[in-house]
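> Generate coordinates for the sequence data below:
(chains A and B)
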Amino acid sequence: MSAARFDDVVHAPNRLRICAALDAVQVAEFATIRDAIGVSDSVLSKHVAVLEDAGYLAVSKSPRGGRTYTSLSLTGAGRSAYHRHLAALREIVATEGRL
Amino acid sequence: MENDAPSSDEAREALAMATDSRHRMADALRRTSPPWYAPVYGLLVAVAVMAFAAPPGSPLFGLVIAGAVAGLVLLVWLGWRATGVWIGPRRGRPLALQVGVGVLAALAMATCFLMGRAGWPGWIQLLLATGTGAAAWQLSMAWDRAYLRDLKAGA
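So this is what the prediction gives:
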């Protein structure tokens, strides 16, 4: 069980969606995450940059068949931050239930 | 990075959003998972088991094992190309199923080898390899179902 810790970087809706999708896998292609969470390339790029700057997400590029494919993966710190953030959200919901 | 905590409604909404994201990933994987993956996986496991029917010291053993391993690497790569994701190791039921395939294949390989040493007819080894491959095929499909069920179980 992760220690609860609210995280501003993760909490933004699109970033939370990105983290949730990437938590389900080790690595995913940019297009797969874009399609799964239903945002445009530019919106995803913007949030990926924020997560990458925070050290939560690793981006790698590889050429294949004349095109460059971008792969995304949560870092250990990113996975941990995401789980602690979820724990914090659950705690908030549970606390209300006890009032 | 601390911040004023959200209200319980906002927290509930955020949790629902994370769950929805996992559901969407599960749906995307269900759509893009290639139907040939599990049968080809079963076939390659069967080929690897059958390699142990080769006479001791035969170069055929190394060739068939190398072919089966290369086939598995290619299969995983094609799976990554088709789905756009590398799932990696999981816990719980998917892990138990992976271990199950490994144990089953190892037992079948050992049995096939011992049968060869004891002079059993080749068709029995072929039958054993085919049965193991069919089981690996079914277990691979069960792995997919268990993984997608875990994914849908919530954030």
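> Output the longest helix belonging to chain A.
Ordering each helix of chain A by length in residues (DSSP state H) puts helix A:76-98 first.
> which of the residues in it are buried?
Of the residues in helix A:76-98, A:78-89, A:92 count as buried by neighbour count, 16 or more other C-beta atoms under 10 Å in any protein chain shown. (C-beta placed from N, C-alpha, C; glycine too.)
> Retrieve the pLDDT associated with B:Asp150.
pLDDT, B:Asp150: 88.
> How about B:Leu128?
Per-residue pLDDT puts B:Leu128 at 96.
> wait, what's in contact with it?
Going by C-beta atoms under 8 Å, 6 or more residues apart in numbering or on different chains, B:Leu128 touches B:Val49, B:Ala108, B:Thr111, B:Cys112, B:Met115.
> Considering these, which possesses the most neighbours?
B:Val49 (30 neighbours; other C-beta atoms under 10 Å in any protein chain shown).
> Report the contact partners of the closest residue to that residue other than its chain neighbours.
Distances taken as C-beta to C-beta, 6 or more residues apart in numbering or on different chains place B:Ala129 nearest to B:Val49, at 4.1 Å, with adjacent residues excluded. For B:Ala129, the contact set (C-beta under 8 Å, 6+ apart) comprises B:Ala46, B:Val47, B:Val49, B:Met50, B:Ala53, B:Ala108, B:Cys112.
> buried sites along whichever strand or helix holds B:Gly42?
Here B:Gly42, judged by DSSP states H and E, is contained in helix B:37-51. Under the neighbour-count criterion of 16+ other C-beta under 10 Å, helix B:37-51 has B:37-38, B:40-51 buried.
> repeat for stretch B:14-26
B:Ala14, B:Leu15, B:Met17, B:Ala18, B:Thr19, B:Ser21, B:Arg22, B:His23, B:Arg24, B:Met25, B:Ala26.
> Which members of those residues additionally contact chain A?
B:Ala14, B:Leu15, B:Met17, B:Ala18, B:Thr19, B:Ser21, B:Arg22, B:Arg24, B:Met25, B:Ala26 (C-beta under 8 Å from any C-beta of the partner chain).
> Touching, the first one and B:Ser7? I think so.
No - between B:Ala14 and B:Ser7 there is no contact under C-beta atoms under 8 Å: 10.6 Å.
> hmm, back to that, so what secondary structure elements neighbour the longest helix of chain A?
On a contact count with 3 or more C-beta pairs under 8 Å, 6 or more residues apart in numbering or on different chains; DSSP states H and E, helix A:76-98 meets helix A:8-11, helix A:13-23, helix B:8-32.
> what's the closest of these to B:Gly84?
Closest approach to B:Gly84 among the helices and strands packed on helix A:76-98 (C-beta to C-beta): helix B:8-32, 7.0 Å.
> and of the buried residues of helix B:37-51, the nearest to chain A?
B:Tyr37 (15.8 Å; C-beta to the nearest C-beta).
> Let me know how buried the closest residue to that closest one other than its chain neighbours is, in neighbour terms.
Nearest residue to B:Tyr37, sequence neighbours excluded (C-beta to C-beta, 6+ apart): B:Gly79, at 5.5 Å. When counting by other C-beta under 10 Å, one arrives at 19 neighbours for B:Gly79.
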